[in-house]
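J.: Fold the following for me, if possible:
(one chain, ligands or ions: 1)
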Amino acid sequence: MAGKFITLDGIDGCGKSSVAESIFRTLEEQGRDVVLTREPTDSWIGEAVKRSISEDHPALTEAFLFMADRATHSVEISEWLKGDKIVICDRYADSTISYQAASLSLEGFDEDPFEWLKGISDLYVLSPDLTILLDLDPGVAMERIQLREKITKFENQDFLTKVRENFLRLAEMEDRIKIVDASPPLSAVAEEVERVLRTVLD
Ligand code: TYD
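T.: Predicted coordinates for the structure are as follows:
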């Protein structure tokens, strides 16, 4: 497959969406054929995902909704990649493995939810050429989140601590995942992400 598939991930409050937009603009200014996309998507399935976040549903229901959204989104991403585009995706499969594993363990899921979700994911998702994991202390993330208007159920420190552990566990398993410290100011983080990006873009 041609093109390059770059994903950005990390806990809530890590600044991922701002960094994704910043690198998208930089690549566009360089005249690159680049697409910025995100999960949950803006499709009806993505809307169902967002609804499930704001309501109270079993973690398993949420996990399948996130994965259904991704199944359709992955077809779209494949088409962009076939068209030689650089695709920047704000959250992808690593989010489901990290967040829903944390939710499922809180609900006392029998299997190891991390391994279980990773197993399902590996069956159908696209493998990114590079994943930037914006790593941030959950306490600092919560300080940033508290400045926002709306806070979701995932945005509490204990939960984000578990999610972060899962992201770091994934980073140990997968060479494609590069950890970037998200604690400096946004411009410095974006600069570091651009440096890492250059290692996969020609
Ligand atoms: P997002 O819109 O990326 O929120 P933010 O921009 O604030 O990071 O994602 C919404 C929430 O959904 C966020 O708390 C992360 C969570 N999420 C999952 O739990 N699993 C997933 O697979 C994805 C894509 C997101």
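J.: okay, CA-based contacts and neighbour counts for the rest of this
T.: Noted.
J.: Get me the contact residues on this protein for the ligand.
T.: Taking CA under 6 Å from any ligand atom as the contact definition, the chain meets the ligand at 12, 17, 39-40, 66, 91-93, 95-96, 99-100, 154.
J.: Local confidence estimate at residue 32?
T.: According to the prediction, residue 32 has pLDDT 96.
J.: Excluding chain neighbours, what is closest to it?
T.: Excluding the flanking residues, the one nearest residue 32 by CA to CA, 6 or more residues apart in numbering is residue 86, at 7.7 Å.
J.: State the distance from residue 130 to the ligand.
T.: Distance of residue 130 to the ligand, given as CA to the nearest ligand atom, to the nearest Å: 17 Å.
J.: Repeat that for residue 105.
T.: From residue 105 across to the ligand, the span is 13 Å (CA to the nearest ligand atom).
J.: before we move on, the earlier item: how about the contacts made by the residue nearest to residue 32?
T.: Residue 86 sits next to 3-6, 32-35, 80 when contact means CA atoms under 8 Å, 6 or more residues apart in numbering.
J.: Produce a ChimeraX select command limited to the buried residues of the residues you listed.
T.: Buried members of these, defined by 16 or more other CA atoms under 10 Å, are picked up in ChimeraX with:
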select :3,4,5,6,34,35,80
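J.: mind listing which of the contacts of residue 86 are in strands?
T.: Mapping the contacts of residue 86 onto strands (DSSP state E) picks out 4-6, 34-35.
J.: Return the member of those nearest to residue 191.
T.: Taking CA to CA as the measure, residue 191 lies nearest residue 6 of the ones in strands among the contacts of residue 86, at 15.8 Å.
J.: List the beta-bridge partners for that closest one.
T.: With DSSP bridges as the criterion, residue 6 is bridged to residue 88, residue 130.
J.: In the chain, what residue lies closest to the ligand?
T.: Residue of the chain nearest the ligand, by CA to the nearest ligand atom: residue 96 (3.4 Å).
J.: and residue 112, how many residues sit next to it?
T.: Neighbours of residue 112 under the rule other CA atoms under 10 Å: 12.
J.: dump the residue contacts of it.
T.: By CA under 8 Å, 6+ apart, the contact list for residue 112 reads residue 105.
J.: swap the cut-off to 10 Å and go again
T.: By CA atoms under 10 Å, 6 or more residues apart in numbering, the residues touching residue 112 are 101, 104-105.
J.: buried residues in stretch 166-184?
T.: Buried, per 16+ other CA under 10 Å, within stretch 166-184: 166-168, 170-171, 176-180, 182-183.
J.: Tell me which two of these sit farthest apart.
T.: So, the buried residues of stretch 166-184 by CA to CA: farthest apart are 176 and 183, at 21.5 Å.
J.: May I have the phi/psi pair for the residue of the chain closest to the ligand?
T.: The phi and psi torsions at residue 96 (degrees, to the nearest 10) take the values phi -60, psi -40.
J.: Equivalent analysis for residue 107, please.
T.: Dihedral angles (degrees, to the nearest 10) for residue 107: phi -90, psi 0.
J.: For this structure, which segments count as strands?
T.: Going by DSSP E, the chain shows strands at 4-9, 34-38, 86-90, 130-135, 177-181.
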